[in-house]
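Peer 1: This is a predicted model, with the sequence first.
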Amino acid sequence: MVEVSTSSGAPGLLPVLSAGRHRSPRRGACFMEMASYLAGERWSDHPACTHPLLASAARAVNDATSDTARSRLALLVPSVVGLTSSDPHLGPRLVRAAAQHALPVVALERQHVLAAGVLTCDRVLAALDGRDPARLEEATCAALAPAPGARRWAEGFARDLVPDGVVRRRTFEREAAPRLLHLAATGIAAAVVPDADERLHALLAELVSVARAHAEAPSSEGAVGGARWDDVVGMTAAR
């Protein structure tokens, strides 16, 4: 815990970002637990203040980021508070964006799974928009461009698995999407690259931007107990 001064002069305590779930702020906090703290909700890593899939991605990035770099993620916590949406396009677009970050660096097996996930996202979007599923969106092609071999594999896999091109959106969002988001984050963390933490931060920042474009209300850039959030983040980063 980090002590902060509030506007009333009374000291307050801010949990420090760490991996995993925590029973209380005194044991630390993951990214979404800190969001619940900032939002004034009951302590939870599944708060109502954030879209479930964005929250899933944030938990995955939090745990995949190294201990030395995790405190930087605190800068993004206020941006997810209040960031919710009922737009069915958001889920597949979040997964597609996460996969685009991961595909250039993850191992081949993960590339195959993520490429298949990107094609599934496109089919969900095609069904929502009444589009021919054989005609991929430009954003889908861009996401797959770094891994042409994985795209070819995924296209063959998709033809065999879903020959009619129909994907159940709710099943995708409930089961496949959280797994794909987790796979993207853990794949980047496991990749043989010198900047995995920076890539994970960039992934989460982009997902926040994607979610904001679908948001029903602006996210809260709030304060904790009257303390300026950027000052609080500075204290946590200095630990």
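Peer 2: Yep, it's here.

Peer 1: quick one: which helix or strand includes the residue nearest to residue 137 when sequence neighbours are not counted?
Peer 2: Distances taken as Cβ to Cβ, 6 or more residues apart in numbering place residue 122 nearest to residue 137, at 5.9 Å, with adjacent residues excluded. For the C-beta atoms, the positions are set from N, CA and C on the backbone; glycine is no exception. Per DSSP states H and E: residue 122 is located in helix 108-129.

Peer 1: Not counting the helix or strand that that helix is followed by itself, show me its contacts.
Peer 2: On the C-terminal side of helix 108-129, the nearest following helix or strand under DSSP H and E is helix 138-144. Residues lying outside helix 138-144 but in contact with it, judged by Cβ atoms under 8 Å, 6 or more residues apart in numbering, are 93, 96-97, 99-100, 103, 115, 118-119, 121-122, 150-151, 154.

Peer 1: For stretch 32-40, the averaged confidence score.
Peer 2: What stretch 32-40 shows for mean pLDDT is 90.

Peer 1: would you put the C-alpha positions of that stretch in CSV?
Peer 2: Coordinates of each C-alpha in stretch 32-40 appear next as CSV, following Å, rounded to 0.1, in the frame of the first residue of the first chain:
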residue,chain,number,x,y,z
MET,A,32,-9.2,-4.1,-12.6
GLU,A,33,-9.2,-4.2,-8.8
MET,A,34,-7.7,-0.8,-8.8
ALA,A,35,-10.4,0.3,-11.3
SER,A,36,-13.1,-0.9,-8.9
TYR,A,37,-11.3,1.0,-6.1
LEU,A,38,-11.2,4.2,-8.2
ALA,A,39,-14.8,3.7,-9.3
GLY,A,40,-16.0,3.4,-5.7
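
Peer 1: Enumerate the positions of it that are buried.
Peer 2: 32-39 (16 or more other Cβ atoms under 10 Å).

Peer 1: ok, these vs residue 158, which is closest?
Peer 2: Nearest to residue 158, judged by Cβ to Cβ, of the buried residues of stretch 32-40 is residue 32 at 31.9 Å.

Peer 1: ok, now how distant is the closest one from residue 84?
Peer 2: 13 Å (Cβ to Cβ, to the nearest Å).

Peer 1: Give me the common contacts of the two.
Peer 2: The contact sets of residue 32 and residue 84 overlap at residue 50 (Cβ under 8 Å, 6+ apart).
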